[in-house]
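[1] This is the structure alone, sequence omitted:
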(Lines give C-alpha, C1' and ligand atoms only; values in the text may rest on other atoms or scores of the structure.)
Protein backbone atom coordinates (compact mmCIF):
# COMPACT_ATOMS: atom_id res chain seq x y z
CA UNK A 1 0.00 0.00 0.00
CA UNK A 2 1.63 3.21 -1.13
CA UNK A 3 0.83 6.71 -2.28
CA UNK A 4 -0.02 7.19 -5.93
CA UNK A 5 1.96 10.18 -7.19
CA UNK A 6 0.01 11.55 -10.14
CA UNK A 7 2.87 13.58 -11.65
CA UNK A 8 5.13 10.55 -11.46
CA UNK A 9 2.52 8.41 -13.23
CA UNK A 10 2.10 11.08 -15.91
CA UNK A 11 5.87 11.18 -16.49
CA UNK A 12 5.79 7.54 -17.61
CA UNK A 13 4.00 8.09 -20.94
CA UNK A 14 3.58 10.75 -23.56
CA UNK A 15 0.72 9.76 -25.87
CA UNK A 16 -2.57 11.63 -25.88
CA UNK A 17 -6.14 10.49 -25.14
CA UNK A 18 -4.97 7.16 -23.78
CA UNK A 19 -5.89 6.94 -20.09
CA UNK A 20 -3.68 4.97 -17.69
CA UNK A 21 -5.33 3.29 -14.73
CA UNK A 22 -3.55 4.27 -11.50
CA UNK A 23 -6.03 3.05 -8.90
CA UNK A 24 -9.47 1.70 -8.15
CA UNK A 25 -12.32 3.06 -6.08
CA UNK A 26 -15.45 0.93 -5.59
CA UNK A 27 -15.29 -0.58 -9.07
CA UNK A 28 -14.29 2.68 -10.72
CA UNK A 29 -11.03 3.20 -12.56
CA UNK A 30 -8.95 6.17 -11.36
CA UNK A 31 -7.00 7.28 -14.41
CA UNK A 32 -4.52 9.89 -15.53
CA UNK A 33 -4.43 11.03 -19.13
CA UNK A 34 -2.58 13.53 -21.30
CA UNK A 35 -4.75 15.30 -23.83
CA UNK A 36 -4.12 17.69 -26.69
CA UNK A 37 -6.36 18.70 -29.57
CA UNK A 38 -9.99 17.78 -30.09
CA UNK A 39 -11.53 14.53 -28.89
CA UNK A 40 -14.65 13.05 -30.48
CA UNK A 41 -18.18 14.01 -29.53
CA UNK A 42 -19.57 11.27 -27.34
CA UNK A 43 -21.70 10.48 -24.33
CA UNK A 44 -21.87 7.78 -21.69
CA UNK A 45 -25.44 6.51 -21.35
CA UNK A 46 -24.80 4.77 -18.02
CA UNK A 47 -22.39 6.95 -16.11
CA UNK A 48 -21.35 10.45 -15.15
CA UNK A 49 -17.89 11.46 -16.36
CA UNK A 50 -15.44 12.99 -13.87
CA UNK A 51 -12.67 15.41 -14.93
CA UNK A 52 -10.08 17.14 -12.75
CA UNK A 53 -7.40 19.25 -14.43
CA UNK A 54 -3.96 18.58 -12.93
CA UNK A 55 -2.06 20.74 -15.43
CA UNK A 56 -3.06 23.04 -18.28
CA UNK A 57 -6.56 23.88 -19.41
CA UNK A 58 -9.35 22.15 -21.32
CA UNK A 59 -12.72 23.05 -22.71
CA UNK A 60 -15.55 20.61 -22.30
CA UNK A 61 -17.88 21.42 -25.13
CA UNK A 62 -21.49 20.39 -24.70
CA UNK A 63 -24.47 21.06 -26.94
CA UNK A 64 -25.76 23.66 -24.51
CA UNK A 65 -22.44 25.39 -23.90
CA UNK A 66 -18.77 25.06 -23.04
CA UNK A 67 -17.15 24.75 -19.63
CA UNK A 68 -13.49 25.80 -19.41
CA UNK A 69 -11.46 23.97 -16.79
CA UNK A 70 -8.14 25.24 -15.53
CA UNK A 71 -5.62 23.59 -13.18
CA UNK A 72 -7.33 22.67 -9.91
CA UNK A 73 -10.78 22.74 -11.47
CA UNK A 74 -13.19 19.82 -11.65
CA UNK A 75 -16.31 19.07 -13.65
CA UNK A 76 -18.68 16.14 -13.89
CA UNK A 77 -20.43 15.63 -17.22
CA UNK A 78 -23.82 14.18 -16.30
CA UNK A 79 -24.77 10.76 -17.58
CA UNK A 80 -26.01 10.84 -21.16
CA UNK A 81 -24.84 14.39 -21.92
CA UNK A 82 -22.98 14.68 -25.21
CA UNK A 83 -19.58 16.29 -24.80
CA UNK A 84 -16.27 16.86 -26.52
CA UNK A 85 -13.09 17.65 -24.58
CA UNK A 86 -10.74 20.04 -26.35
CA UNK A 87 -7.24 21.06 -25.26
CA UNK A 88 -5.48 23.81 -27.20
CA UNK A 89 -2.21 22.80 -25.53
CA UNK A 90 -1.28 19.62 -23.71
CA UNK A 91 -3.21 19.19 -20.48
CA UNK A 92 -3.08 16.52 -17.79
CA UNK A 93 -6.26 15.16 -16.21
CA UNK A 94 -7.50 12.86 -13.50
CA UNK A 95 -10.49 10.86 -14.73
CA UNK A 96 -12.91 8.58 -12.92
CA UNK A 97 -15.17 6.14 -14.73
CA UNK A 98 -16.68 2.79 -13.87
CA UNK A 99 -14.25 0.04 -14.85
CA UNK A 100 -14.79 -0.94 -18.47
CA UNK A 101 -16.35 2.33 -19.63
CA UNK A 102 -15.18 3.08 -23.20
CA UNK A 103 -13.58 6.55 -23.29
CA UNK A 104 -15.31 7.37 -26.56
CA UNK A 105 -18.67 6.05 -25.37
CA UNK A 106 -18.25 3.21 -27.90
CA UNK A 107 -16.26 0.01 -27.33
CA UNK A 108 -15.37 -0.12 -31.04
CA UNK A 109 -13.38 3.11 -31.00
CA UNK A 110 -12.28 3.27 -27.37
CA UNK A 111 -8.66 3.46 -26.25
CA UNK A 112 -7.44 0.45 -24.33
CA UNK A 113 -7.01 1.47 -20.71
CA UNK A 114 -3.77 0.10 -19.40
CA UNK A 115 -2.82 -0.09 -15.74
CA UNK A 116 0.33 1.81 -14.79
CA UNK B 1 -22.99 23.96 -15.56
CA UNK B 2 -19.69 25.46 -14.51
CA UNK B 3 -16.20 24.50 -13.40
CA UNK B 4 -15.71 23.67 -9.73
CA UNK B 5 -12.61 25.51 -8.53
CA UNK B 6 -11.31 23.52 -5.57
CA UNK B 7 -9.11 26.30 -4.13
CA UNK B 8 -12.03 28.71 -4.31
CA UNK B 9 -14.27 26.25 -2.48
CA UNK B 10 -11.58 25.73 0.17
CA UNK B 11 -11.28 29.49 0.71
CA UNK B 12 -14.90 29.60 1.86
CA UNK B 13 -14.40 27.84 5.22
CA UNK B 14 -11.71 27.31 7.81
CA UNK B 15 -12.83 24.54 10.16
CA UNK B 16 -11.13 21.14 10.18
CA UNK B 17 -12.45 17.64 9.52
CA UNK B 18 -15.74 18.97 8.19
CA UNK B 19 -16.07 18.01 4.51
CA UNK B 20 -17.96 20.29 2.11
CA UNK B 21 -19.75 18.70 -0.82
CA UNK B 22 -18.74 20.38 -4.07
CA UNK B 23 -20.13 17.94 -6.62
CA UNK B 24 -21.65 14.56 -7.31
CA UNK B 25 -20.48 11.60 -9.36
CA UNK B 26 -22.76 8.59 -9.79
CA UNK B 27 -24.22 8.87 -6.30
CA UNK B 28 -20.90 9.72 -4.70
CA UNK B 29 -20.18 12.97 -2.92
CA UNK B 30 -17.13 14.88 -4.17
CA UNK B 31 -15.87 16.81 -1.17
CA UNK B 32 -13.12 19.16 -0.11
CA UNK B 33 -11.93 19.24 3.48
CA UNK B 34 -9.31 20.99 5.60
CA UNK B 35 -7.61 18.75 8.12
CA UNK B 36 -5.16 19.29 10.95
CA UNK B 37 -4.22 17.04 13.85
CA UNK B 38 -5.33 13.46 14.43
CA UNK B 39 -8.67 12.08 13.29
CA UNK B 40 -10.28 9.07 14.94
CA UNK B 41 -9.51 5.48 14.02
CA UNK B 42 -12.38 4.21 11.89
CA UNK B 43 -13.31 2.08 8.90
CA UNK B 44 -16.06 2.03 6.29
CA UNK B 45 -17.51 -1.47 6.02
CA UNK B 46 -19.27 -0.79 2.71
CA UNK B 47 -16.97 1.49 0.74
CA UNK B 48 -13.44 2.33 -0.27
CA UNK B 49 -12.24 5.75 0.88
CA UNK B 50 -10.60 8.08 -1.66
CA UNK B 51 -8.03 10.72 -0.67
CA UNK B 52 -6.20 13.20 -2.91
CA UNK B 53 -3.94 15.78 -1.28
CA UNK B 54 -4.45 19.23 -2.82
CA UNK B 55 -2.15 21.04 -0.36
CA UNK B 56 0.14 19.96 2.46
CA UNK B 57 0.79 16.45 3.63
CA UNK B 58 -1.04 13.77 5.59
CA UNK B 59 -0.31 10.37 7.03
CA UNK B 60 -2.90 7.67 6.68
CA UNK B 61 -2.16 5.34 9.53
CA UNK B 62 -3.39 1.79 9.15
CA UNK B 63 -2.84 -1.20 11.43
CA UNK B 64 -0.33 -2.65 8.98
CA UNK B 65 1.56 0.55 8.29
CA UNK B 66 1.40 4.23 7.41
CA UNK B 67 1.12 5.83 3.98
CA UNK B 68 2.35 9.42 3.70
CA UNK B 69 0.59 11.51 1.07
CA UNK B 70 2.02 14.76 -0.26
CA UNK B 71 0.48 17.33 -2.61
CA UNK B 72 -0.57 15.63 -5.84
CA UNK B 73 -0.67 12.19 -4.24
CA UNK B 74 -3.70 9.94 -4.00
CA UNK B 75 -4.60 6.89 -1.95
CA UNK B 76 -7.64 4.68 -1.63
CA UNK B 77 -8.19 2.99 1.72
CA UNK B 78 -9.83 -0.33 0.87
CA UNK B 79 -13.28 -1.08 2.18
CA UNK B 80 -13.23 -2.27 5.79
CA UNK B 81 -9.61 -1.27 6.49
CA UNK B 82 -9.17 0.61 9.74
CA UNK B 83 -7.39 3.90 9.28
CA UNK B 84 -6.61 7.19 10.95
CA UNK B 85 -5.70 10.30 8.94
CA UNK B 86 -3.16 12.55 10.67
CA UNK B 87 -1.98 15.99 9.52
CA UNK B 88 0.89 17.60 11.38
CA UNK B 89 0.04 20.92 9.71
CA UNK B 90 -3.12 21.99 7.91
CA UNK B 91 -3.69 20.06 4.72
CA UNK B 92 -6.39 20.28 2.04
CA UNK B 93 -7.94 17.17 0.53
CA UNK B 94 -10.35 16.02 -2.13
CA UNK B 95 -12.47 13.14 -0.83
CA UNK B 96 -14.91 10.83 -2.58
CA UNK B 97 -17.44 8.72 -0.71
CA UNK B 98 -20.88 7.36 -1.53
CA UNK B 99 -23.47 9.97 -0.54
CA UNK B 100 -24.44 9.52 3.09
CA UNK B 101 -21.23 7.81 4.23
CA UNK B 102 -20.38 8.99 7.79
CA UNK B 103 -16.83 10.39 7.82
CA UNK B 104 -16.05 8.66 11.11
CA UNK B 105 -17.59 5.39 9.97
CA UNK B 106 -20.35 5.97 12.55
CA UNK B 107 -23.44 8.12 11.99
CA UNK B 108 -23.49 9.06 15.70
CA UNK B 109 -20.16 10.87 15.59
CA UNK B 110 -19.97 11.91 11.94
CA UNK B 111 -19.60 15.52 10.78
CA UNK B 112 -22.57 16.86 8.88
CA UNK B 113 -21.59 17.18 5.24
CA UNK B 114 -22.81 20.48 3.89
CA UNK B 115 -22.99 21.40 0.23
CA UNK B 116 -20.94 24.43 -0.79
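    Arrived safely. Fair warning: this is a prediction, and the values are worked out from it, not measured in the lab. Residues are numbered from 1 along each chain as shown, chains lettered A, B, ... in the order given.

[2] does the longest strand seen in chain A come close to chain B?
    Ranked by residue count under DSSP state E, the longest strand found in chain A is strand A:83-98. Yes: Strand A:83-98 is in contact with chain B by C-beta under 8 Å from any C-beta of the partner chain, via A:94, A:96, A:98. (Glycine included, C-beta is placed from N, CA and C.)

[3] what's the pLDDT at the residue nearest in space to the middle of chain A?
    Centroid-nearest residue in chain A, with C-alpha atoms, centre = their mean: residue A:95, separated by 4.1 Å. The model reports residue A:95 with a pLDDT of 98.

[4] now do residue A:85
    In this model, residue A:85 carries a pLDDT of 97.

[5] Report the contact partners of the closest residue to it other than its chain neighbours.
    Of all residues not flanking residue A:85 in the chain, residue A:39 sits nearest, at 4.6 Å (C-beta to C-beta, 6 or more residues apart in numbering or on different chains). By C-beta atoms under 8 Å, 6 or more residues apart in numbering or on different chains, the residues touching residue A:39 are A:17, A:84-86, A:104.

[6] now do residue A:12
    With C-beta under 8 Å, 6+ apart, residue A:12 has these contacts: A:20, A:116.

[7] just to revisit the earlier point, distance check, the residue nearest to the centre of chain A against residue B:32.
    19 Å (C-beta to C-beta, to the nearest Å).

[8] and what of residue A:110?
    Residue A:110 is 31 Å from residue B:32, by C-beta to C-beta.

[9] ok, the two, which is more surrounded?
    residue B:32 (25 against 15; other C-beta atoms under 10 Å in any protein chain shown).

[10] And the pLDDT at that one?
    98.

[11] Could you double-check that it lies in contact with residue B:8?
    No: taking contacts as C-beta atoms under 8 Å, residue B:32 lies outside contact range of residue B:8: 9.8 Å.

[12] In which helix or strand does residue A:53 reside?
    Assessed by DSSP states H and E, residue A:53 sits inside strand A:49-55.

[13] Would stretch A:41-52 count as contacting chain B?
    Yes: applying C-beta under 8 Å from any C-beta, one finds stretch A:41-52 touching chain B at A:47-48, A:50, A:52.

[14] So for that stretch, what gets flagged as buried?
    A:42-44, A:47-52 (16 or more other C-beta atoms under 10 Å in any protein chain shown).

[15] Over to stretch A:81-91?
    Result for stretch A:81-91 [16+ other C-beta under 10 Å]: buried residues A:81, A:83-87, A:91.

[16] Show me which residues of stretch A:3-18 are buried.
    Applying 16+ other C-beta under 10 Å to stretch A:3-18 flags A:3-6, A:9-10, A:17-18 as buried.

[17] Now do the worst-scoring helix or strand of chain A on mean pLDDT: which elements does it pack against?
    Least confident helix or strand of chain A, by mean pLDDT, DSSP states H and E, is strand A:114-115 with a mean of 84. Strand A:114-115 is packed against strand A:20-25, with contacts defined by 3 or more C-beta pairs under 8 Å, 6 or more residues apart in numbering or on different chains; DSSP states H and E.
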